[in-house]
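[1] What follows is a predicted structure for the sequence shown.
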Amino acid sequence: MAIKRVWIEEGCTSCGLCESACPEVFEMPDEAVVIEGADLASNEDGIIEAAEGCPVEVIKYEEE
């Protein structure tokens with residue numbers, strides 16, 4: 001299945017893990033954000049790695 005949406009819920013601790021795991025989709029200006037227009041389909045493994053590794057479990061994604 002393809003990931004069609006990624007978001008970050010409240011509670012980000014700004015640890016930087018998501019940006020390290022998948023800089024094509026996540027960036028850390030102050031808190032983690034999903035880069036607008038990021039190619040989710042090409043970065044599914046990184047998105048899943050970031051979501052599974054998030055220490056506060058705030059990275060969420062939706063599959064088709």
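    Looks like it arrived, so ask away. Numbers count the residues shown, from 1 in each chain.
[2] Could you use CA atoms for every contact and neighbour count after this?
    Will do.
[3] any idea which element R5 lies in?
    strand 3-8 (DSSP states H and E).
[4] Return the distance of the helix or strand just after that strand from the chain's centre.
    Counting by DSSP H and E, the element after strand 3-8 in chain order, helix or strand, is helix 17-21. Between the centre of helix 17-21 and the centre of its host chain there is 8 Å, according to C-alpha atoms, centre = their mean, to the nearest Å.
[5] Which strands and helices lie in contact with helix 17-21?
    Using 3 or more C-alpha pairs under 8 Å, 6 or more residues apart in numbering; DSSP states H and E as the contact test, the elements touching helix 17-21 are strand 26-27, helix 44-53.
[6] out of those, nearest to E36?
    With C-alpha to C-alpha as the criterion, E36 lies closest to strand 26-27 of the helices and strands packed on helix 17-21, at 9.3 Å.
[7] Give the pairing partners of the closest one; include direction for each.
    The pairing partners recorded for strand 26-27 under DSSP bridges are strand 33-34 (antiparallel).
[8] Any chance you could list what contacts the strand it pairs with?
    Residues from elsewhere that reach strand 33-34, judged by C-alpha atoms under 8 Å, 6 or more residues apart in numbering: V6, W7, I8, V25, F26, E27.
[9] Please tell me I have it right and E62 contacts M1.
    No. Contact status for E62 versus M1: not in contact, 9.7 Å apart, counting by C-alpha atoms under 8 Å.
[10] of the two, who's got more company?
    Taking other C-alpha atoms under 10 Å, E62 and M1 do not tie; E62 has more neighbours (11 against 8).
[11] Quick one: low-confidence residue ranges for the protein.
    By pLDDT under 70, the chain has no low-scoring segment.
[12] residues touching I8, list them.
    Contact analysis of I8 by C-alpha under 8 Å, 6+ apart lists A32, V33, V34, V58, I59, K60.
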